[in-house]
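In: Turn this into a structure:
(2 chains)
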Amino acid sequence: MRLLGPIPFGIWIWCAVGASALVVGAYIIKMRRRRFEVPFSQLWKRVLEQKDANSLWKQLKRLISLLLILMIVGLLLFAALDPTLGAVDRKARSVVILLDSSASMKALDGDDAGKHTRMDIAKQKAKRLIDGMGGGDVAMVMRVDGQATPMSRFSSDGPVLDKIVDGISASDTPADLPRALGAAADALRDRKNPLIVLVSDGAFPEQQLGQVAWDAAGKSLSAVDLSGIDVRYIPVGHRSDNVGIVAFNVRRYIANKAAYEVFIEIQNFGTEPAHRDLYLYNGANPVHEPQRIDLAPGQKVRQIYDKLPISEENQLRAALKPLNTAGGSDPFALDDTAYALLPARKKQKVLMVTEDNLFLEGALLVYDNIDPLKVSPAEYAAKPSLADGMDVVIFDDYTPDALPPPPASLLFFHPTGPNSPFKVTGELAAPRITEVDEGHPVMRWVAMSDVYMDKSNTFAIDPKLGESAVAFSVRDAIIAAKRDGHRKILAFGFSLPSAGRESATDLPMRVAFPMLLVNTLDWFAGDQADLLTTYATGKRERVPLDGVVGATEADVRGPDGSTTKTPVLDGLATFYGTHVGYYDLTAKAADGTMMSQIQLAANLASPTESDIAPSTKLTLGGRELKAPEAFAITHSRKLWIYILLLAGALIVTEWVTYHRRVTV
Amino acid sequence: MAAVSKPAAPSKRDNRAADRTGLFDERFLKTLEHLHMVSRKVFSGALRAERRTRKVGSGIEFADHRTYARGDDFRYIDWNLYGRLDKLLLRLFEEEEDLHIYILIDVSDSMAIGQPLPKLHYAMQVGAALTYVGLANLDRVAIIPFSDRLIGRLPPSRGKNRIFRVFDFLQKCDIGGKTQLAECMKDFVTQNKRRGLAVVISDFYDPEGFEQGINTLRYHKFEPFVLQVYDQREAAPKLHGDLALVDCETGDTREVTVSRSLLEAYEREHEKYCKELEDYCTKYAMPFFRTHTAIPFDELVLKIFRSGGFLR
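Out: Residues are numbered from 1 along each chain as shown, chains lettered A, B, ... in the order given. Prediction:
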């Protein structure tokens, strides 16, 4: 007999001592009796004097009652230890069933008719394995996809394990086999006769199959230690023909943000030629005519669609559609569709407060996504409300008495005086830009090293206020930026050339100037040209949320409409896609107002998963995995139910004897 | 298992016994009248409050003859006998006098117990009924409540119009205290020199015994009339479990675990105690009645009448 209960024996002993002390104490303490008034206690006295002759017997009866209660408590505690007969059988095994739930398990080649997925067949085989377990065997079911998720504890309860297996479904993520093997090895540590059974199609990258050590001595740190563990493999699936989209990206042109180009990579993983029609949609509208793709076995085709016009819709979808010819279809549909997103573009309202600066106005002309309005400083001073409703206000060599209220972002050229958004510390004559913050979005693709200027104000930078220097002249900041809540402010220490101005700079004559303005307006709009919006499923990514300050979590709305929470740290949200499609990430302030929202697309984008060719033989760490042998027939019998029944019988006996006054 | 502890303070008394406002209502009065009528039928020969005594005197009922002595009244010489026997014999008549009835009601704490009616109320109703019949027969009836002493006294009176004073007295008299029958009877015989019928209505739960009290009445030529009142729950209590039994008079507490055998033993003991009282009264030819409170009081009174122990 073996005790399989979850309670450590030491704790059990303490529980037993405590319970016994409680029971004995309950018998020792004086009973609080109900008072009852009688008219003549002499009669009771006479009766009790006769009865007291039997007091020794009465004490003994009370002792019997105490012993009964102690026996009941003892039996209950013993049942908690889960005593099991036959569990010590030497052949009894502890099994972890790794059920592959990766994307390739969705392939519809589980049976010859193509009606069942690999996942269906894998679950059937796992249940068959569970049903074949001996009485002393215990098993744990673990789901394997991008993560390793234990679905049960070690149990010999076949129906419960079968139910757990039934509840598992395949996800859209690649499998992380080393992680699952590591988790299974940890679960099996210190258990006798450990066994891992992998039920899978074997579609794992070679690199993962090699991260295993069968001998603890000399194993590398990254390898999973499987020493002493028997690992077996049950293959599923039989077809390998598949054509899938393995890459799908879209980008907007830097110079022409009104157009974009699309990159699609398609691969034939089968051993026969394949044919498909490729469709590209922007929203529900086709972007171009369907294109027939013919692929030789193993061939990879890259398609680029350039100069596609932008529209209101930003969701792009590429789809491979089967053809009614030989090699025109495959059993794995998940990688036949891919999703991408164009960063949303918003037309910005820009207010220029300037005295007819041709350089500034001319540079803004290249940017087609703005709605400009020009006023003179005198007009603005007379009516500051002109800035209301504007997305951006540009002050050209003019510093207003008060900054326009948020959310308008502000661009200053040569701010002066105490109302400057950055504290002016002095003025440099003929400064040279010696260092720029290349990581700042404003400075992307911009060269400033040989820009000339007569003079420039310098700024004091206070990082605590969210301020940062974008360009330095030696140690002095001459271009500064900061976030002010949800809006942004950029200030140049020098002024642009204009009629009647003493100072001058050659910046407007350079190619960098319009780029600098475009970068600035993009930064203000939260539009980052290098922001990735398309991710692979099964990988944990950090996604920047523009303007998010103080939020610790964001809502993620998945393609199936379900909503989950994801942590946010320093404005970066953690994104883990489990299904292909579009996701919405929304960060909200404590009061419920929305701080930021972005849309992301998730694709399988995994040639390993798209290569659905099943492996009937799997080699792990140089060792070929065999099929599991039949479990030895062992018998085990759980005793707790019988013990509880006995305890129940004793409780009834105690109850009856007490109420019949036998043990009183 | 039982243990004797120090006497506890008597528990808060159930004041149902103290509330006697509705005890003698209109319905009760009608019952009394009915009892009176029934008593007249039962004792159809009885007339006024005439009770023959062993005294020979000026009554109208012939008793005996005796030899004439000098100084006797000539009017009582039986001239017919003189004619036949040639002897002067004097006719003697039984003297008639009023009967004195003393209703002694136990008002101790033990009498306050009882369901649905406290024994005290029952005893007072029976006492009032007997008083009414006595008053109506023109006997002199006095009511004396007692517990550990005599508590007040309604002086002897007669005539049934006095019944309202009786009601008032019973409703207002003090109650409570321990039962001390011997002491109370001693006081009673000391205070009441006129002999008569002493109706003792009590549960006779006296820790010192009932014999001495009754004997005191007997020794002082009173005619004891014993009426024991008990509650059925006293005789057969429906108790179970672990209890602390508190004596309502002494406050003595006994811890007991009540079992069926214990209850049966108690019932036997209670019956034995009552039997002892009955045997004692039978032995000394004293009228004895035992009743529990579930029997209607008028039924009891009729039973008393039929037995002939109260009115002769």
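In: Give me the mean pLDDT for stretch A:377-387.
Out: Stretch A:377-387 shows an average pLDDT of 90 in the prediction.
In: Find the nearest non-adjacent residue to residue A:628, please.
Out: Nearest non-adjacent residue to residue A:628, counting by CB to CB, 6 or more residues apart in numbering or on different chains: residue A:232, 3.9 Å away. (Each C-beta comes from the backbone N, C-alpha and C, glycine too.)
In: got it, and residue A:563?
Out: residue A:557 (5.0 Å).
In: residue contacts, that neighbour?
Out: By CB atoms under 8 Å, 6 or more residues apart in numbering or on different chains, residue A:557 lies in contact with A:563, A:583-584, A:586.
In: for the residue in the stretch 501-650 of chain A positioned nearest to chain B, what are its contacts?
Out: The stretch 501-650 of chain A approaches chain B most closely through residue A:650 (21.4 Å), counting by CB to the nearest CB. The neighbourhood of residue A:650, defined by CB under 8 Å, 6+ apart, consists of A:68, A:71-72, A:75.
In: Equivalent analysis for residue A:543, please.
Out: With contact taken as CB under 8 Å, 6+ apart, residue A:543 is in contact with A:532, A:535, A:572-575, A:585, A:598, A:600.
In: Recalculate using a threshold of 10 Å.
Out: Taking CB atoms under 10 Å, 6 or more residues apart in numbering or on different chains, we find residue A:543 in contact with A:531-533, A:535, A:554, A:556, A:566, A:568, A:571-575, A:583, A:585, A:598, A:600.
In: hmm, back to that, out of the contacts of residue A:650, which comes closest to chain B?
Out: For these, the minimum distance to chain B (CB to the nearest CB) is 16.8 Å, reached by residue A:68.
In: quick one, phi psi at the closest one?
Out: Note on residue A:68: backbone dihedrals following degrees, to the nearest 10 are phi -60, psi -50.
In: which of the contacts of residue A:543 are buried?
Out: Buried subset of the contacts of residue A:543 (neighbour count, 16 or more other CB atoms under 10 Å in any protein chain shown): A:533, A:535, A:554, A:556, A:566, A:568, A:571, A:573-575, A:583, A:585, A:598, A:600.
In: Make TSV out of those and add pLDDT, secondary structure and distance to residue B:214.
Out: As requested, those are exported to TSV (pLDDT from 0 to 100; DSSP: H, G, I helix; E, B strand; the rest coil; distance: CB to CB, whole Å):
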residue	pLDDT	secondary structure	distance to residue B:214
A:533	74	coil	113
A:535	86	strand	110
A:554	89	strand	99
A:556	92	strand	99
A:566	90	strand	98
A:568	86	strand	100
A:571	76	coil	106
A:573	87	strand	103
A:574	88	strand	101
A:575	88	strand	105
A:583	92	strand	104
A:585	89	strand	103
A:598	83	strand	108
A:600	89	strand	108
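In: Generate TSV for those, with distance to residue A:474 as supplementary columns.
Out: Shown next, in TSV, are those (distance: CB to CB, whole Å):
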residue	distance to residue A:474
A:533	39
A:535	42
A:554	41
A:556	46
A:566	43
A:568	38
A:571	31
A:573	38
A:574	40
A:575	41
A:583	46
A:585	41
A:598	39
A:600	42
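In: Scan chain B for its longest helix.
Out: Longest helix of chain B, by residue count under DSSP state H: helix B:260-283.
In: now that one: mean pLDDT?
Out: On average, the pLDDT along helix B:260-283 is 92.
In: by contact count, what packs against the helix or strand following it?
Out: Heading C-terminal from helix B:260-283, the first helix or strand you meet, by DSSP states H and E, is strand B:288-292. Helices and strands touching strand B:288-292, by 3 or more CB pairs under 10 Å, 6 or more residues apart in numbering or on different chains; DSSP states H and E, are helix B:119-136, strand B:197-202, strand B:223-230, helix B:232-235, helix B:260-283, helix B:297-307.
In: Which one of the ones you listed lies nearest to residue B:82?
Out: Proximity to residue B:82 (CB to CB) singles out strand B:223-230 among those, at 39.5 Å.
In: Is that closest one positioned near chain A?
Out: Yes: using CB under 10 Å from any CB of the partner chain, strand B:223-230 reaches chain A at residue B:230.
In: Residue A:66 should be in a strand, yeah?
Out: No: secondary structure of residue A:66 (DSSP: H, G, I helix; E, B strand; the rest coil): helix, not part of a strand.
In: related to what we said a few turns ago, how about the longest helix of chain B: buried residues?
Out: Neighbour-count burial for helix B:260-283, with 16+ other CB under 10 Å as criterion, is recorded at B:262-263, B:265-267, B:269-270, B:273-274, B:277, B:280-281.
In: and after the helix or strand of chain A with the lowest mean pLDDT, which helix or strand comes next?
Out: Least confident helix or strand of chain A, by mean pLDDT, DSSP states H and E, is strand A:2-3 with a mean of 70. Downstream of strand A:2-3, the first helix or strand assigned by DSSP H and E is helix A:9-28.
In: That following helix: which residues count as buried?
Out: A:12, A:16, A:19, A:23.
In: Over to stretch A:587-601?
Out: For stretch A:587-601, a neighbour-count test (16+ other CB under 10 Å) marks A:587-588, A:595-601 as buried.
In: and if you look at stretch A:338-355?
Out: Buried-residue list, stretch A:338-355, by 16+ other CB under 10 Å: A:338-343, A:345, A:348-354.
In: From the contacts of residue A:650, pick the one nearest residue A:180.
Out: Closest to residue A:180 out of the contacts of residue A:650 is residue A:75 (41.2 Å), distances taken as CB to CB.
In: Now that closest one: closest residue in space, sequence neighbours ignored.
Out: Using CB to CB, 6+ apart, the nearest residue to residue A:75 is residue A:647, at 4.1 Å.
In: which residues does residue B:102 contact?
Out: B:140-144, B:153, B:156, B:188-189, B:192, B:194-200, B:217, B:222-225.
In: rerun at 8 Å
Out: When contacts are counted by CB under 8 Å, 6+ apart, residue B:102 touches B:141-144, B:188, B:192, B:196-199, B:222.
In: Turn these into a markdown table, columns for neighbour count, pLDDT and distance to chain A.
Out: Rendered in a markdown table, the data for those read as follows (neighbours: other CB atoms under 10 Å in any protein chain shown; pLDDT from 0 to 100; distance: CB to the nearest CB, whole Å):
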| residue | neighbour count | pLDDT | distance to chain A |
| --- | --- | --- | --- |
| B:141 | 31 | 91 | 28 |
| B:142 | 22 | 94 | 27 |
| B:143 | 26 | 94 | 23 |
| B:144 | 22 | 95 | 21 |
| B:188 | 23 | 94 | 22 |
| B:192 | 19 | 91 | 28 |
| B:196 | 20 | 86 | 29 |
| B:197 | 23 | 89 | 27 |
| B:198 | 27 | 92 | 23 |
| B:199 | 27 | 92 | 21 |
| B:222 | 23 | 90 | 25 |
